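In: This is the structure alone, sequence omitted:
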């Protein structure tokens, strides 16, 4: 036979050979499969049952001022920041450290979980609490898993109570700080208003000036009103900076409002000096002084009224309670959530079958290799390496 005509025979996989190997190693396959089945049974029936209790709530539909960490959607779009709604915020509340620690203390979970530190118990509990939100209805479901069904239900309901306390504490703290700040500013504005009124009264009594034209009075009123709004917004801005910080979206929103008010004030002042209204500078000398004092009085009056409204609003927000509406309270579950016994047994059985078939083909391959003189030496080397590695593992 010439070299040109020589063609190596391609090895083909014979299904009958594969079937023969499976029959030949049937005992090993069946044994490993039964062993996997046994392990699955032990895992399924020796694992303590876990029960899941669920409570469904409706987040409080409160104004964003009541929750200082909530960013309304329309403001978030303008500022380019993520939108935070009450529902989004509530998803993170059940796993906050304050809520978790209070649950650990209430149910003595250090002893239940068999740990010594709050940190370890916190990690375990965090994995057993799962909040989910229904995007269509806006309802929040908090599920809590525990080995005791009664305790699981109690923990789920207690979790809602702790969330309500946390929200109320944060909201009242922010509102009370803002109310105290505005109260001080209101007292200053009141003193300044009384002083401006007294100055105007003295001037009118001394100069015998009783009134100015209606157009000049309108000018004074409009300018003073804008000055008062700007001053009130600046006071609100200082209060928000103290509570929320410089970069908070609400602080940025108030800054934008102040800029808009100043632009309107500048426009009105230009019209006043340009002839649309009676220019203040062209009035008589006493009239100019009267107008200045009247403007100061109107400004102080408008500022006091604006601050009074903000103060009353802060008092109302401070007294308002945050109530979480419980739609479906948690009850002790009758059926366990874990372990899924049929699933565990099925997976372990199929895994044992797969390992058994794999071992059967590996043994068949080793056996053929040892019978082949060209591969026998290499197989002996592999076996020796495996033995040496096993003996190394046994060393202390």
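Out: Everything's here; your move. Bear in mind the structure is a predicted one, so any value in this text is a computation, not a measurement. Residues are numbered from 1 along each chain as shown.
In: Now do the helices in this structure.
Out: In order along the chain, the chain carries the following helices (DSSP state H): 15-24, 26-46, 73-79, 86-92, 97-106, 109-113, 118-128, 149-207, 214-244, 249-274, 285-319, 341-371, 373-394.
In: Quick one: closest of the ones you listed to residue 143.
Out: Of all the helices of the chain, it is helix 149-207 that lies closest to residue 143, at 7.2 Å by C-beta to C-beta. For the C-beta atoms, the positions are set from N, CA and C on the backbone; glycine is no exception.
In: Out of the helices of the chain, which is closest to residue 326?
Out: Put simply, out of the helices of the chain the one that sits nearest residue 326 is helix 149-207, at 6.3 Å, with distance taken as C-beta to C-beta.
In: tell me the mean pLDDT over that closest one?
Out: For helix 149-207, the mean per-residue pLDDT is 80.
In: who does it touch, helix- and strand-wise?
Out: Using 3 or more C-beta pairs under 8 Å, 6 or more residues apart in numbering; DSSP states H and E as the contact criterion, the neighbours of helix 149-207 among helices and strands are strand 51-58, helix 97-106, strand 140-146, helix 214-244, helix 285-319.
In: now what about the shortest one, what contacts it?
Out: Strand 140-146 is contacted by residues 50-59, 87, 90-91, 94, 128-134, 152-153, 155-156, 159-160, 330, 337-338 when judged by C-beta atoms under 8 Å, 6 or more residues apart in numbering.
In: partners of that strand in the sheet?
Out: Strand partners for strand 140-146, identified by DSSP bridges, are recorded as strand 51-58 (antiparallel), strand 129-133 (antiparallel).
In: Please work out which of these is packed deepest.
Out: Across the strands paired with strand 140-146, averaging neighbours per residue (mean count of other C-beta atoms under 10 Å) puts strand 51-58 on top, at a mean of 21.
In: Other residues contacting it?
Out: 90, 138-149, 152-153, 155-157, 159-160, 324-333, 335-337.
In: and what of stretch 186-203?
Out: Residues from elsewhere that reach stretch 186-203, judged by C-beta under 8 Å, 6+ apart: 209, 289-290, 293-294, 296-297, 299-301, 303-304, 307-308, 311.
In: Give me the buried stretch members for it, please.
Out: Neighbour-count burial for stretch 186-203, counted by 16 or more other C-beta atoms under 10 Å, picks out 186, 189, 192, 193, 196, 200, 203.
In: and residue 137, backbone torsions?
Out: Geometry field for residue 137 lists phi and psi as phi -100, psi -20, criterion degrees, to the nearest 10.
In: what's the distance between it and residue 129?
Out: As defined by C-beta to C-beta, to the nearest Å, residue 137 lies at a distance of 21 Å from residue 129.
In: do residue 190 as well
Out: With the distance defined as C-beta to C-beta, residue 190 ends up 50 Å from residue 129.
In: Next: residue 389.
Out: Taken as C-beta to C-beta, the span from residue 389 to residue 129 is 45 Å.
In: Check residue 267 too.
Out: 56 Å.
In: Also residue 270?
Out: On the measure of C-beta to C-beta, residue 270 and residue 129 end up 61 Å apart.
In: burial measure for residue 240, as a count.
Out: 24 (other C-beta atoms under 10 Å).
In: likewise residue 357?
Out: Every residue meeting other C-beta under 10 Å relative to residue 357 is counted, giving 18.
In: pLDDT value on it, please?
Out: With respect to pLDDT, residue 357 has a value of 88.
In: That one contacts residue 28, doesn't it?
Out: No - with contacts counted by C-beta atoms under 8 Å, residue 357 stays clear of residue 28, the gap being 9.3 Å.
In: before we move on, back to that, least reliable of the helices and strands packed on helix 149-207 going by mean pLDDT?
Out: Lowest mean pLDDT of those: helix 214-244, a mean of 69.
In: hang on, isn't residue 261 packed against residue 231?
Out: No - under the criterion of C-beta under 8 Å, residue 261 is not in contact with residue 231, lying 9.8 Å apart.
In: Adding distance to residue 253, write the strands paired with strand 140-146 out as CSV.
Out: Listed next are these as CSV, based on distance: least, C-beta to C-beta, whole Å:
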stretch, distance to residue 253
strand 51-58, 27
strand 129-133, 26
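In: So which of the helices and strands packed on helix 149-207 has the densest surroundings on average?
Out: Ranked by mean neighbour count, with mean count of other C-beta under 10 Å as the criterion, the helices and strands packed on helix 149-207 are topped by strand 140-146 at a mean of 22.
In: Grab the nearest non-local neighbour of residue 363.
Out: Using C-beta to C-beta, 6 or more residues apart in numbering and skipping residues adjacent in sequence, the residue nearest residue 363 is residue 25, 6.3 Å away.
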